[in-house]
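[1] predicted model and sequence below, questions to follow.
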Amino acid sequence: MPSRTEPQSWRPLALIFIAVAVALRLVALAFDRTDLFVDEVQYWFWGQNLDFGYYSKPPLIGWLIRLVTDLAGSDAAFWVRMPGAVLHGITAYLLGALAARLFGREAALWTVALYLSLPFVALGSVMISTDTVMAPFYAAALLFFFRTIETRHLRDALAVGVFAGLAFMAKYAAIYFLIGSALVMLTQPGLRPGWRNLAVMIGGFVVTILPNVLWNLSHDLTTVSHTMDNAGWVRTGAAFDVGSMAEFFFSQFGVFGPVTMGALIVAYLRPKRGIHTALVLFSIPALLTVTVQALLEKAYANWAIATYFSGLILAVMVLPRLGRWIALGVNLVLSALLPILIVLAPWPQTGAGAPLLERYLGRHALSESILSLAEQEDLPVVSGNRDILADLFYVGRDSDVALYALPEVGRLSSYYAQTVALPATVSGDVLILWSGMPPCEAEELNGLVLEGLYAGADLSAWRVPAACLLALGAGE
């Protein structure tokens with residue numbers, strides 16, 4: 001059973017760690033020279049159109065960005081990204097509280113310090129993502145789960161359900177919390193919260209996620225369909241790519257840090273019972289599931305982030321004192337690189353002369369040139385490229401240029417095709433972004449700025465009749 005007396009002495013030093021880390025990351029953001037990434041501007045756009053769900057994700061990240069930018073009175077990139085550093089600071093504190101409750105003061109301080117140093121935390125602190133928004137709620141659900149086991153209080157059980165539900169409203173990967181808690185209750189009799197508390201947990205979770213469930217049911221299960229697209233093999237069949245699986249697995253040493261990841265694997269292999277086993281059961285389902293997904297089709301490195309909330313505490317408890325210092329040192333070196341690079345961008349450059357962070361540069365320059373050209377020609381803009389559209393809506397937020405997605409046939413490919421497709425009421429000519437020659441009568445327009453990500457891209461601006469694009473969208 002967890003300890004009923006959580007030591008308080010860990011908090012002041014932990015709060016100092018958190019304050020310093022968050023402050024340094026906010027300073028780096030203030031001098032950040034990279035453009036918002038396509039996902040970040042998409043989340044910002046969602047916040048301009050508040051709803052209970054969106055094409056590819058649940059709604060919490062859009063709500064959060066809207067709240068922060070409204071309070072700040074600015075949609076600048078700093079305010080779009082600012083919540084990341086703060087949310088990871090909160091997550092560090094909550095995991096520290098859980099470690100203190102389970103293993104004492106020293107475990108709590110090391111959990112906080114190592115969490116703040118993790119590479120995925122460094123990235124999530126300067127680039128906002130659904131993983132980052134999920135993190136504090138996932139950590140809070142873990143903390144209150146173990147509290148409920150001790151206290152048997154209904155309010156703690158309700159907190160488990162509500163926080164798990166909020167994590168789910170940030171990212172559906174929070175389902176791994178449900179899987180982990182079910183495995184713990186099935187296999188660890190001493191860690192069961194009781195039937196009444198379980199019912200309250202489930203009730204709190206269901207009520208919290210209900211708006212998104214109803215939204216999905218009323219929108220043809222759009223987000224579920226997109227999730228199946230991500231899985232890939234569900235629709236197209238399994239690839240059984242061992243190389244893909246190995247690439248994903250070894251990428252986790254970069255995501256979680258090489259020493260901490262090694263310690264976590266040791267923790268999985270070390271046979272113990274009780275709390276240790278419970279933390280393993282909360283941690284391992286995400287890693288195993290996504291590793292299998294990588295074998296069957298593909299998996300991105302961040303898809304198993306849910307592994308590392310309870311997994312970090314396991315790593316701390318496995319590592320000896322020297323090992324913890326080594327892990328902290330290695331992680332800090334890795335984590336310091338990204339803030340330095342975003343401030344120095346576009347330097348350094350690769351051997352081919354391209355900026356190292358090319359992927360995060362050139363987006364806003366292209367959008368500004370498109371908007372300028374559209375204003376000059378007095379044309380609305382149409383694109384079938386999600387990346388370009390996302391950035392256009394952000395950069396053109398104060399522009400009068402009308403922006404539309406290219407009409408599509410069949411199942412729609414993006415939130416933009418779903419909500420802002422070129423309407424039949426538009427007549428005359430439009431400006432379309434196209435690679436190669438458009439399948440319509442077209443006049444090329446010069447003036448695009450192609451640099452950074454788009455340097456050397458086969459992309460041009462064309463004046464075409466809107467009626468032609470509408471006919472293509474209708475499948476004619």
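    Right, received. Where do you want to start?
[2] could you look up the SS state of Val464?
    For Val464, the reduced secondary structure class is strand; criterion used: DSSP: H, G, I helix; E, B strand; the rest coil.
[3] give me the neighbour count for it.
    20 (other Cβ atoms under 10 Å). Yep, even glycine has a C-beta here, placed from its N, CA and C like the rest.
[4] find the nearest non-adjacent residue to it, please.
    Taking Cβ to Cβ, 6 or more residues apart in numbering, and ignoring the residues beside it in sequence, Val464 has Cys440 as its nearest neighbour in space, at 4.4 Å.
[5] residues contacting that neighbour?
    Neighbour list for Cys440: 464-465, 468-469, 472 [criterion: Cβ atoms under 8 Å, 6 or more residues apart in numbering].
[6] tell me the least confident of the residues you listed?
    Across the contacts of Cys440, the member with the lowest pLDDT is Leu472, scoring 83.
[7] so which helix or strand takes in that residue?
    Taking DSSP states H and E as the definition, Leu472 sits inside helix 466-473.
[8] next one: that helix to chain centre, how far?
    Relative to the chain's own centre, helix 466-473 is displaced by 35 Å; criterion: Cα atoms, centre = their mean, to the nearest Å.
[9] in it, what counts as buried?
    For helix 466-473, burial by neighbour count (16 or more other Cβ atoms under 10 Å) applies to 466, 468-470, 472-473.
[10] OK, contacts around Glu358?
    For Glu358, counting by Cβ under 8 Å, 6+ apart, the contacting residues are 346, 452-453, 455.
[11] hmm, back to that, how near is the residue nearest to Val464 to Val382?
    Computed with Cβ to Cβ, to the nearest Å, the distance linking Cys440 and Val382 is 11 Å.
[12] intersection of neighbour lists for those two?
    Common neighbours of Cys440 and Val382 are listed as Leu469 (criterion: Cβ under 8 Å, 6+ apart).
[13] mind checking what helix or strand follows the lowest-mean-pLDDT helix or strand in the chain in sequence?
    For the chain, scoring each helix and strand by mean pLDDT, DSSP states H and E identifies helix 233-236 as the least confident one, at a mean of 56. Counting by DSSP H and E, the next helix or strand C-terminal to helix 233-236 is helix 242-255.
[14] just the residues contacting that next one, thanks.
    In contact with helix 242-255 (Cβ under 8 Å, 6+ apart) are residues 118-120, 261-262, 287, 290-292, 294-295, 297-299, 301-302, 304-305, 307-308, 334.
[15] same thing but 10 Å
    Applying Cβ atoms under 10 Å, 6 or more residues apart in numbering, the contact partners of helix 242-255 are 118-121, 123, 241, 258-262, 264-265, 287, 290-305, 307-308, 334.
[16] centre of the chain versus it, how much separation?
    Distance of helix 242-255 from the chain centroid (Cα atoms, centre = their mean) equals 19 Å.
[17] just the CA atoms of it, as CSV, please.
    What follows is the C-alpha trace of helix 242-255 in CSV, where atoms were taken according to Å, rounded to 0.1, in the frame of the first residue of the first chain:
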residue,chain,number,x,y,z
VAL,A,242,10.5,-5.0,-38.4
GLY,A,243,12.6,-2.0,-39.4
SER,A,244,9.8,0.4,-38.6
MET,A,245,9.3,-1.3,-35.2
ALA,A,246,13.0,-1.1,-34.4
GLU,A,247,13.1,2.5,-35.5
PHE,A,248,10.2,3.4,-33.2
PHE,A,249,11.6,1.5,-30.2
PHE,A,250,15.1,3.0,-30.4
SER,A,251,13.6,6.5,-30.9
GLN,A,252,12.2,6.2,-27.4
PHE,A,253,15.8,6.6,-26.0
GLY,A,254,15.7,10.0,-27.6
VAL,A,255,12.2,10.8,-26.4
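[18] okay, domains of this structure per the record?
    11-225+264-281+305-344, 362-473 (automatic domain parsing).
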